[in-house]
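Participant: Sequence plus the predicted model coming up.
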Amino acid sequence: MLRWARDTSGHPIEDVARKMKKDVETVRAWENGRAFPTYIQLEKLASLYKRPIAMLFFPEPPNEEPLFHSFNTLPEHEAQKIPPRIRYLIRKSKALQMNFSELHDGINPASREIIKDLRFFSIADSAAMAQDVRKYLSVHLNTQKSWGSDKKVFDTWRETIERHGVLVFKYSFGAFRITDGKEDSREQAYSGFSLCDSDFPIICINSSKPVIQQIFTLFSELAHLLMGSGGVSFDLSDDQKLSEQYQRIKQHCTRFASEFLVPTSDFNERTEELVCNEESINKLAKSYGVGKELILRRFHEQKQCDSRYYREKISQWASEVRKENRLQENAKANISEKSKSKRSQNFYSYKGAHLGRRYVEAVIVRHDQGDISDELAAEYLDVSPAKLSDVKDWLWKQKSAV
(Lines give C-alpha, C1' and ligand atoms only; values in the text may rest on other atoms or scores of the structure.)
Protein backbone atom coordinates (compact mmCIF):
# COMPACT_ATOMS: atom_id res chain seq x y z
CA MET A 1 0.00 0.00 0.00
CA LEU A 2 2.79 2.45 0.83
CA ARG A 3 4.42 1.91 -2.57
CA TRP A 4 1.06 2.38 -4.34
CA ALA A 5 0.29 5.52 -2.31
CA ARG A 6 3.67 7.03 -3.19
CA ASP A 7 3.52 6.07 -6.88
CA THR A 8 0.03 7.52 -7.35
CA SER A 9 0.98 10.69 -5.46
CA GLY A 10 3.85 11.38 -7.85
CA HIS A 11 6.52 11.72 -5.14
CA PRO A 12 9.96 10.28 -6.00
CA ILE A 13 11.27 8.09 -3.20
CA GLU A 14 14.18 10.51 -2.67
CA ASP A 15 11.73 13.35 -1.92
CA VAL A 16 9.86 11.20 0.58
CA ALA A 17 13.08 10.20 2.32
CA ARG A 18 14.16 13.83 2.59
CA LYS A 19 10.81 14.99 3.97
CA MET A 20 10.64 12.10 6.42
CA LYS A 21 14.28 12.70 7.41
CA LYS A 22 15.16 9.10 6.63
CA ASP A 23 17.43 7.47 4.11
CA VAL A 24 16.03 6.01 0.89
CA GLU A 25 16.67 2.43 2.04
CA THR A 26 14.47 2.94 5.10
CA VAL A 27 11.56 4.19 3.00
CA ARG A 28 12.07 1.32 0.56
CA ALA A 29 12.03 -1.13 3.48
CA TRP A 30 8.69 0.32 4.64
CA GLU A 31 7.30 -0.18 1.15
CA ASN A 32 8.38 -3.80 0.73
CA GLY A 33 7.42 -4.85 4.28
CA ARG A 34 10.92 -5.41 5.66
CA ALA A 35 10.35 -2.63 8.20
CA PHE A 36 7.38 -0.68 9.47
CA PRO A 37 6.90 3.06 10.13
CA THR A 38 5.47 4.25 13.43
CA TYR A 39 1.91 5.55 13.58
CA ILE A 40 3.22 9.12 13.74
CA GLN A 41 5.28 8.45 10.61
CA LEU A 42 2.21 6.96 8.91
CA GLU A 43 0.32 10.15 9.69
CA LYS A 44 3.06 12.16 8.02
CA LEU A 45 3.06 9.86 4.98
CA ALA A 46 -0.73 10.09 4.69
CA SER A 47 -0.49 13.88 4.79
CA LEU A 48 2.29 13.88 2.21
CA TYR A 49 0.43 11.54 -0.16
CA LYS A 50 -2.92 13.30 0.42
CA ARG A 51 -4.62 10.06 1.41
CA PRO A 52 -6.72 9.11 4.47
CA ILE A 53 -4.51 7.33 6.96
CA ALA A 54 -7.00 4.45 7.10
CA MET A 55 -6.26 3.75 3.43
CA LEU A 56 -2.64 2.93 4.30
CA PHE A 57 -3.93 -0.03 6.32
CA PHE A 58 -5.83 -1.57 3.40
CA PRO A 59 -4.68 -5.10 2.50
CA GLU A 60 -4.42 -4.08 -1.16
CA PRO A 61 -4.78 -0.90 -3.26
CA PRO A 62 -8.31 0.23 -4.17
CA ASN A 63 -9.56 -0.03 -7.76
CA GLU A 64 -8.64 3.50 -8.82
CA GLU A 65 -8.52 4.67 -12.43
CA PRO A 66 -4.93 5.31 -13.57
CA LEU A 67 -4.10 9.00 -13.88
CA PHE A 68 -3.41 8.95 -17.61
CA HIS A 69 -6.89 7.53 -18.35
CA SER A 70 -8.27 10.98 -17.52
CA PHE A 71 -6.25 12.44 -20.40
CA ASN A 72 -6.45 9.80 -23.09
CA THR A 73 -4.60 11.87 -25.70
CA LEU A 74 -1.71 12.79 -23.38
CA PRO A 75 1.18 10.31 -23.69
CA GLU A 76 1.46 8.13 -20.58
CA HIS A 77 5.08 9.15 -19.97
CA GLU A 78 3.97 12.80 -19.86
CA ALA A 79 1.03 12.02 -17.58
CA GLN A 80 3.47 10.37 -15.18
CA LYS A 81 5.38 13.67 -14.92
CA ILE A 82 2.34 15.49 -13.50
CA PRO A 83 3.52 16.76 -10.07
CA PRO A 84 1.95 15.68 -6.74
CA ARG A 85 -0.12 18.80 -6.11
CA ILE A 86 -1.81 18.55 -9.54
CA ARG A 87 -2.46 14.82 -9.05
CA TYR A 88 -4.15 15.57 -5.76
CA LEU A 89 -6.34 18.26 -7.36
CA ILE A 90 -7.34 15.85 -10.13
CA ARG A 91 -8.54 13.39 -7.48
CA LYS A 92 -10.24 16.19 -5.58
CA SER A 93 -12.03 17.40 -8.73
CA LYS A 94 -13.26 13.86 -9.42
CA ALA A 95 -14.65 13.72 -5.88
CA LEU A 96 -16.44 17.05 -6.41
CA GLN A 97 -17.75 15.71 -9.71
CA MET A 98 -19.25 12.70 -7.88
CA ASN A 99 -20.69 14.99 -5.18
CA PHE A 100 -22.42 17.19 -7.76
CA SER A 101 -23.82 14.12 -9.50
CA GLU A 102 -25.21 12.82 -6.19
CA LEU A 103 -26.75 16.20 -5.37
CA HIS A 104 -28.60 16.16 -8.69
CA ASP A 105 -29.43 12.44 -8.75
CA GLY A 106 -27.12 11.83 -11.70
CA ILE A 107 -28.79 14.39 -14.00
CA ASN A 108 -27.00 17.60 -15.04
CA PRO A 109 -29.31 20.49 -14.02
CA ALA A 110 -28.28 22.67 -16.99
CA SER A 111 -31.10 23.22 -19.49
CA ARG A 112 -28.52 23.16 -22.32
CA GLU A 113 -25.34 21.07 -22.24
CA ILE A 114 -22.66 22.34 -24.59
CA ILE A 115 -20.62 19.12 -24.49
CA LYS A 116 -23.63 17.11 -25.70
CA ASP A 117 -24.83 19.66 -28.23
CA LEU A 118 -21.50 20.51 -29.89
CA ARG A 119 -18.65 18.21 -30.91
CA PHE A 120 -15.54 19.03 -32.94
CA PHE A 121 -12.41 17.31 -34.22
CA SER A 122 -8.81 18.50 -34.03
CA ILE A 123 -8.89 19.17 -37.78
CA ALA A 124 -11.81 21.60 -37.40
CA ASP A 125 -11.29 25.19 -38.54
CA SER A 126 -10.63 27.18 -35.35
CA ALA A 127 -12.43 30.31 -36.60
CA ALA A 128 -15.57 28.38 -37.54
CA MET A 129 -15.42 26.48 -34.25
CA ALA A 130 -15.13 29.75 -32.31
CA GLN A 131 -18.09 31.22 -34.16
CA ASP A 132 -20.23 28.15 -33.44
CA VAL A 133 -19.37 28.20 -29.74
CA ARG A 134 -19.98 31.95 -29.39
CA LYS A 135 -23.34 31.58 -31.11
CA TYR A 136 -24.25 28.68 -28.82
CA LEU A 137 -23.30 30.65 -25.70
CA SER A 138 -25.20 33.69 -27.03
CA VAL A 139 -22.51 36.20 -26.06
CA HIS A 140 -21.84 38.92 -28.64
CA LEU A 141 -18.29 40.23 -28.94
CA ASN A 142 -19.46 43.74 -28.03
CA THR A 143 -20.97 42.34 -24.83
CA GLN A 144 -17.62 40.74 -23.97
CA LYS A 145 -15.89 44.10 -24.49
CA SER A 146 -18.29 45.80 -22.06
CA TRP A 147 -17.51 43.68 -19.01
CA GLY A 148 -14.64 45.81 -17.72
CA SER A 149 -12.30 44.37 -15.08
CA ASP A 150 -10.36 41.11 -15.56
CA LYS A 151 -12.23 39.55 -12.62
CA LYS A 152 -15.58 40.53 -14.08
CA VAL A 153 -14.59 39.01 -17.43
CA PHE A 154 -13.53 35.72 -15.85
CA ASP A 155 -16.53 35.48 -13.51
CA THR A 156 -18.97 36.17 -16.35
CA TRP A 157 -17.39 33.58 -18.65
CA ARG A 158 -17.32 31.08 -15.79
CA GLU A 159 -21.00 31.62 -15.05
CA THR A 160 -21.83 31.35 -18.76
CA ILE A 161 -19.97 28.06 -19.18
CA GLU A 162 -21.41 26.59 -15.97
CA ARG A 163 -24.88 27.57 -17.12
CA HIS A 164 -24.24 25.35 -20.13
CA GLY A 165 -23.36 22.25 -18.17
CA VAL A 166 -19.63 22.46 -17.36
CA LEU A 167 -18.48 22.87 -13.75
CA VAL A 168 -15.51 25.19 -13.23
CA PHE A 169 -13.32 24.91 -10.13
CA LYS A 170 -10.36 27.09 -9.13
CA TYR A 171 -7.45 26.05 -6.94
CA SER A 172 -3.90 27.16 -6.40
CA PHE A 173 -1.75 24.62 -8.19
CA GLY A 174 1.24 25.50 -6.02
CA ALA A 175 3.21 28.57 -5.11
CA PHE A 176 6.37 29.81 -6.78
CA ARG A 177 9.22 28.97 -4.41
CA ILE A 178 12.96 28.58 -4.05
CA THR A 179 14.24 25.00 -3.52
CA ASP A 180 17.93 24.33 -2.87
CA GLY A 181 18.74 27.84 -4.05
CA LYS A 182 16.93 27.39 -7.37
CA GLU A 183 13.57 28.59 -8.66
CA ASP A 184 11.08 25.74 -8.31
CA SER A 185 7.90 26.29 -10.27
CA ARG A 186 6.94 22.82 -11.50
CA GLU A 187 3.31 23.21 -10.44
CA GLN A 188 3.21 26.74 -11.82
CA ALA A 189 3.94 25.36 -15.28
CA TYR A 190 0.37 24.03 -15.20
CA SER A 191 -2.47 26.45 -15.94
CA GLY A 192 -5.43 24.08 -15.74
CA PHE A 193 -6.93 20.76 -16.67
CA SER A 194 -10.26 19.34 -17.79
CA LEU A 195 -11.99 16.05 -17.03
CA CYS A 196 -14.27 14.79 -19.76
CA ASP A 197 -17.55 13.19 -18.71
CA SER A 198 -20.74 12.75 -20.69
CA ASP A 199 -22.89 14.18 -17.88
CA PHE A 200 -20.64 16.22 -15.57
CA PRO A 201 -17.59 17.60 -17.40
CA ILE A 202 -15.16 19.68 -15.33
CA ILE A 203 -12.59 22.41 -15.87
CA CYS A 204 -10.13 23.25 -13.09
CA ILE A 205 -8.16 26.51 -13.27
CA ASN A 206 -4.90 27.45 -11.52
CA SER A 207 -5.94 30.41 -9.38
CA SER A 208 -2.27 31.33 -8.81
CA LYS A 209 -2.02 32.48 -12.43
CA PRO A 210 -2.97 36.02 -13.43
CA VAL A 211 -6.73 36.32 -14.03
CA ILE A 212 -6.09 37.18 -17.68
CA GLN A 213 -4.30 33.86 -18.15
CA GLN A 214 -7.10 32.05 -16.32
CA ILE A 215 -9.55 33.33 -18.94
CA PHE A 216 -7.46 31.94 -21.77
CA THR A 217 -7.03 28.59 -19.99
CA LEU A 218 -10.78 28.38 -19.46
CA PHE A 219 -11.38 28.34 -23.20
CA SER A 220 -8.37 26.21 -24.03
CA GLU A 221 -9.72 23.51 -21.70
CA LEU A 222 -13.25 23.97 -23.03
CA ALA A 223 -11.83 23.13 -26.45
CA HIS A 224 -10.46 19.86 -25.07
CA LEU A 225 -13.91 18.94 -23.79
CA LEU A 226 -15.56 19.90 -27.07
CA MET A 227 -13.25 17.42 -28.79
CA GLY A 228 -14.31 14.67 -26.38
CA SER A 229 -11.20 14.47 -24.24
CA GLY A 230 -9.77 15.65 -20.95
CA GLY A 231 -6.76 17.93 -21.25
CA VAL A 232 -3.92 19.56 -19.38
CA SER A 233 -2.63 23.08 -20.04
CA PHE A 234 1.06 23.38 -19.23
CA ASP A 235 4.21 25.09 -20.43
CA LEU A 236 6.66 22.77 -22.11
CA SER A 237 10.13 22.43 -20.65
CA ASP A 238 13.11 22.01 -22.96
CA ASP A 239 13.25 18.24 -22.39
CA GLN A 240 9.56 17.58 -23.00
CA LYS A 241 8.41 16.13 -26.30
CA LEU A 242 4.72 15.54 -26.90
CA SER A 243 3.28 12.98 -29.24
CA GLU A 244 2.30 14.32 -32.65
CA GLN A 245 -1.37 13.73 -31.83
CA TYR A 246 -1.30 15.63 -28.52
CA GLN A 247 0.81 18.43 -29.98
CA ARG A 248 -1.80 18.86 -32.71
CA ILE A 249 -4.63 18.92 -30.17
CA LYS A 250 -2.75 21.35 -27.89
CA GLN A 251 -2.13 23.72 -30.79
CA HIS A 252 -5.74 23.50 -31.91
CA CYS A 253 -7.02 24.31 -28.41
CA THR A 254 -4.70 27.33 -28.28
CA ARG A 255 -5.88 28.55 -31.68
CA PHE A 256 -9.51 28.11 -30.66
CA ALA A 257 -9.07 30.10 -27.44
CA SER A 258 -7.25 32.85 -29.35
CA GLU A 259 -9.88 32.99 -32.08
CA PHE A 260 -12.77 32.91 -29.63
CA LEU A 261 -11.48 35.71 -27.41
CA VAL A 262 -9.92 37.83 -30.18
CA PRO A 263 -11.58 37.02 -33.54
CA THR A 264 -9.21 37.59 -36.44
CA SER A 265 -11.73 39.53 -38.51
CA ASP A 266 -12.48 41.98 -35.69
CA PHE A 267 -8.81 42.33 -34.77
CA ASN A 268 -7.77 43.09 -38.35
CA GLU A 269 -10.46 45.72 -38.65
CA ARG A 270 -9.44 47.43 -35.41
CA THR A 271 -5.69 47.37 -36.09
CA GLU A 272 -5.66 48.33 -39.74
CA GLU A 273 -4.33 51.80 -38.90
CA LEU A 274 -2.60 50.93 -35.62
CA VAL A 275 1.10 50.63 -34.88
CA CYS A 276 2.13 47.68 -32.71
CA ASN A 277 3.53 49.20 -29.51
CA GLU A 278 2.98 49.04 -25.75
CA GLU A 279 0.15 51.57 -25.87
CA SER A 280 -1.86 49.82 -28.58
CA ILE A 281 -1.22 46.38 -27.03
CA ASN A 282 -2.44 47.50 -23.60
CA LYS A 283 -5.50 49.22 -25.05
CA LEU A 284 -6.56 46.21 -27.10
CA ALA A 285 -5.87 43.76 -24.26
CA LYS A 286 -8.14 45.73 -21.95
CA SER A 287 -10.83 46.03 -24.60
CA TYR A 288 -11.00 42.28 -25.34
CA GLY A 289 -10.38 41.23 -21.72
CA VAL A 290 -7.28 39.20 -22.58
CA GLY A 291 -3.55 39.21 -21.86
CA LYS A 292 -0.96 41.33 -23.61
CA GLU A 293 0.74 38.17 -24.90
CA LEU A 294 -2.33 37.21 -26.92
CA ILE A 295 -2.60 40.65 -28.51
CA LEU A 296 1.10 40.65 -29.36
CA ARG A 297 0.73 37.18 -30.86
CA ARG A 298 -2.12 38.48 -33.00
CA PHE A 299 0.04 41.37 -34.23
CA HIS A 300 2.83 38.92 -35.01
CA GLU A 301 0.49 36.55 -36.87
CA GLN A 302 -0.72 39.45 -39.00
CA LYS A 303 2.92 40.45 -39.65
CA GLN A 304 2.43 43.81 -37.93
CA CYS A 305 5.51 43.25 -35.75
CA ASP A 306 8.72 41.39 -36.44
CA SER A 307 9.93 38.26 -34.64
CA ARG A 308 12.66 40.09 -32.75
CA TYR A 309 10.20 42.53 -31.15
CA TYR A 310 7.84 39.64 -30.38
CA ARG A 311 10.55 37.61 -28.60
CA GLU A 312 11.85 40.62 -26.68
CA LYS A 313 8.42 41.57 -25.31
CA ILE A 314 7.50 37.99 -24.39
CA SER A 315 10.83 37.61 -22.56
CA GLN A 316 10.37 40.97 -20.81
CA TRP A 317 6.85 40.17 -19.61
CA ALA A 318 7.86 36.69 -18.44
CA SER A 319 10.69 38.23 -16.41
CA GLU A 320 8.25 40.71 -14.87
CA VAL A 321 5.89 37.89 -13.88
CA ARG A 322 8.74 35.96 -12.21
CA LYS A 323 9.76 39.08 -10.31
CA GLU A 324 6.19 39.65 -9.17
CA ASN A 325 5.96 36.01 -8.04
CA ARG A 326 9.07 36.41 -5.91
CA LEU A 327 7.70 39.60 -4.35
CA GLN A 328 4.41 37.89 -3.56
CA GLU A 329 6.12 34.94 -1.91
CA ASN A 330 8.26 37.30 0.19
CA ALA A 331 5.14 39.19 1.18
CA LYS A 332 3.42 35.95 2.24
CA ALA A 333 6.42 34.96 4.33
CA ASN A 334 6.27 38.28 6.18
CA ILE A 335 2.50 38.44 6.57
CA SER A 336 1.42 40.06 9.83
CA GLU A 337 -1.02 38.62 12.35
CA LYS A 338 -3.48 41.38 11.47
CA SER A 339 -3.32 40.42 7.82
CA LYS A 340 -3.81 36.75 8.72
CA SER A 341 -6.95 37.68 10.64
CA LYS A 342 -8.28 39.65 7.68
CA ARG A 343 -7.52 36.75 5.34
CA SER A 344 -9.38 34.39 7.70
CA GLN A 345 -12.44 36.63 7.49
CA ASN A 346 -12.36 36.25 3.71
CA PHE A 347 -12.11 32.45 3.92
CA TYR A 348 -15.60 31.85 2.58
CA SER A 349 -15.01 34.17 -0.34
CA TYR A 350 -11.98 32.02 -1.22
CA LYS A 351 -13.96 28.83 -0.65
CA GLY A 352 -16.79 30.08 -2.85
CA ALA A 353 -14.36 31.16 -5.57
CA HIS A 354 -12.77 27.70 -5.52
CA LEU A 355 -15.99 25.70 -5.72
CA GLY A 356 -18.11 28.10 -7.74
CA ARG A 357 -21.62 29.40 -7.08
CA ARG A 358 -23.44 26.52 -8.79
CA TYR A 359 -21.73 23.80 -6.77
CA VAL A 360 -22.21 25.67 -3.48
CA GLU A 361 -25.85 26.41 -4.35
CA ALA A 362 -26.51 22.73 -5.10
CA VAL A 363 -25.30 21.79 -1.60
CA ILE A 364 -27.19 24.56 0.19
CA VAL A 365 -30.47 23.90 -1.64
CA ARG A 366 -30.43 20.18 -0.75
CA HIS A 367 -29.49 21.06 2.84
CA ASP A 368 -32.30 23.62 3.18
CA GLN A 369 -34.76 21.07 1.78
CA GLY A 370 -33.75 18.66 4.53
CA ASP A 371 -32.33 16.13 2.07
CA ILE A 372 -28.83 16.16 3.57
CA SER A 373 -27.61 16.67 7.12
CA ASP A 374 -25.44 19.47 8.46
CA GLU A 375 -22.52 17.06 8.58
CA LEU A 376 -22.89 15.90 4.97
CA ALA A 377 -23.38 19.43 3.68
CA ALA A 378 -20.24 20.50 5.54
CA GLU A 379 -18.36 17.53 4.07
CA TYR A 380 -19.45 18.48 0.54
CA LEU A 381 -18.20 22.04 1.15
CA ASP A 382 -15.10 21.08 3.17
CA VAL A 383 -16.07 23.31 6.11
CA SER A 384 -17.15 22.67 9.68
CA PRO A 385 -20.93 22.29 10.27
CA ALA A 386 -20.86 25.37 12.50
CA LYS A 387 -19.78 27.48 9.50
CA LEU A 388 -22.61 26.54 7.12
CA SER A 389 -24.37 29.82 7.90
CA ASP A 390 -21.29 31.74 6.73
CA VAL A 391 -21.32 29.85 3.44
CA LYS A 392 -25.02 30.64 3.04
CA ASP A 393 -24.28 34.34 3.63
CA TRP A 394 -21.63 34.23 0.90
CA LEU A 395 -24.03 32.52 -1.52
CA TRP A 396 -26.78 35.05 -0.80
CA LYS A 397 -24.37 37.92 -1.57
CA GLN A 398 -23.32 36.26 -4.82
CA LYS A 399 -26.90 35.78 -5.98
CA SER A 400 -27.80 39.34 -4.99
CA ALA A 401 -24.93 40.69 -7.08
CA VAL A 402 -26.08 38.95 -10.28
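Facilitator: Yep, it's here.
Participant: Could you use CA atoms for every contact and neighbour count after this?
Facilitator: Noted.
Participant: where exactly do the strands run in this structure?
Facilitator: 167-171, 177-179, 182-184, 190-195, 202-206, 231-234 (DSSP state E).
Participant: now the first one: how far from the chain's centre is it?
Facilitator: On the basis of Cα atoms, centre = their mean, to the nearest Å, strand 167-171 sits 6 Å off its chain's mean C-alpha point.
Participant: Adjust the sequence numbering to begin at 9 for everything that follows.
Facilitator: All set: I'll call the first residue 9, so the last point we hit is now strand 175-179.
Participant: Residues touching that strand, excluding its own?
Facilitator: Strand 175-179 is contacted from outside by 97, 101, 166, 169-170, 208-216, 361-364, 366-367, using Cα atoms under 8 Å, 6 or more residues apart in numbering.
Participant: Likewise for the fifth one?
Facilitator: The contact list for strand 210-214, computed with Cα under 8 Å, 6+ apart, reads 101, 105, 174-181, 198-204, 222, 225-226, 229-230.
Participant: Next, the distance between the ends of stretch 17-30.
Facilitator: Taking Cα to Cα, to the nearest Å, the first and last residues of stretch 17-30 lie 19 Å apart.
Participant: For residue 16, see how far away residue 367 is.
Facilitator: Residue 367 is 27 Å from residue 16, by Cα to Cα.
Participant: Those two: who's more crowded?
Facilitator: More crowded of residue 367 and residue 16, by other Cα atoms under 10 Å: residue 367, with 22 against 16.
Participant: my guess is that one meets residue 110, correct?
Facilitator: No. Counting by Cα atoms under 8 Å, residue 367 does not reach residue 110; the two are 11.5 Å apart.
Participant: so who does residue 152 touch?
Facilitator: So residue 152 contacts 161, 296-297 (Cα under 8 Å, 6+ apart).
Participant: And it, how close does it get to residue 390?
Facilitator: Counting by Cα to Cα, the gap from residue 152 to residue 390 is 34 Å.
Participant: now residue 69
Facilitator: Relative to residue 390, and taking Cα to Cα, residue 69 is found at 25 Å.
Participant: Which one of those two is surrounded by more residues?
Facilitator: When residue 69 and residue 390 are compared for neighbours, residue 69 comes out ahead with 14 against 10, by other Cα under 10 Å.
Participant: Could I get the pLDDT score of the closest residue to that one other than its chain neighbours?
Facilitator: The shortest distance from residue 69 to any residue other than its chain neighbours is 5.9 Å, reached at residue 9 (Cα to Cα, 6 or more residues apart in numbering). At residue 9, the model reports a pLDDT of 91.
Participant: next one: the one 4 residues further on
Facilitator: At residue 13 the predicted local confidence, pLDDT, stands at 93.
Participant: Could you pull out the helices in the stretch 309-410 of the chain for me?
Facilitator: Secondary structure of the stretch 309-410 of the chain (DSSP state H, counting those that start in this stretch): helices at 315-341, 345-353, 355-363, 365-376, 382-389, 396-409.
Participant: Mean pLDDT and distance to residue 238 added to these, as TSV?
Facilitator: TSV is the format used below for the helices of the stretch 309-410 of the chain (pLDDT from 0 to 100; distance: least, Cα to Cα, whole Å):
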stretch	mean pLDDT	distance to residue 238
helix 315-341	79	28
helix 345-353	49	34
helix 355-363	79	19
helix 365-376	94	20
helix 382-389	94	24
helix 396-409	84	29
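Participant: Could you provide those in TSV, with additional columns for distance to residue 45?
Facilitator: Formatted as TSV, the helices of the stretch 309-410 of the chain follow (distance: least, Cα to Cα, whole Å):
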stretch	distance to residue 45
helix 315-341	32
helix 345-353	35
helix 355-363	35
helix 365-376	39
helix 382-389	30
helix 396-409	38
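Participant: Residue 128 is nearest to which of those helices?
Facilitator: Shortest distance between residue 128 and the helices of the stretch 309-410 of the chain, using Cα to Cα, is found for helix 365-376: 26.5 Å.
Participant: Distance from that closest one to the middle of the chain?
Facilitator: Going by Cα atoms, centre = their mean, where helix 365-376 is centred and where its chain is centred differ by 22 Å.
Participant: Against which helices or strands is it packed?
Facilitator: helix 92-111, helix 382-389, helix 396-409 (3 or more Cα pairs under 8 Å, 6 or more residues apart in numbering; DSSP states H and E).
Participant: which parts of the second one are buried?
Facilitator: In terms of neighbour count (16 or more other Cα atoms under 10 Å), helix 382-389 has its buried residues at 382, 385-386, 388-389.
Participant: what packs against it?
Facilitator: Contact partners of helix 382-389 among helices and strands, from 3+ Cα pairs under 8 Å, 6+ apart: helix 365-376, helix 396-409.
Participant: got the contact list for the shortest one?
Facilitator: Helix 365-376 is contacted from outside by 108, 111-112, 170, 175, 360, 380-382, 385, 388-389, 400, 403, 406, using Cα under 8 Å, 6+ apart.
Participant: Most neighbours out of the residues you listed, which is it?
Facilitator: Ranked by the number of neighbours (other Cα under 10 Å), the contacts of helix 365-376 place residue 175 first, at 26 neighbours.
Participant: and it, how far is that from residue 278?
Facilitator: 34 Å.
Participant: what's the answer for residue 135, then?
Facilitator: 17 Å.
Participant: and the two? which has more neighbours close in?
Facilitator: Between residue 135 and residue 278, residue 135 has the larger neighbour count (other Cα under 10 Å), namely 18 against 11.
Participant: what residues are up against the more buried one?
Facilitator: Shown in contact with residue 135 (Cα under 8 Å, 6+ apart): 264, 267-268, 271-272.
Participant: Cheers, nothing more for now.
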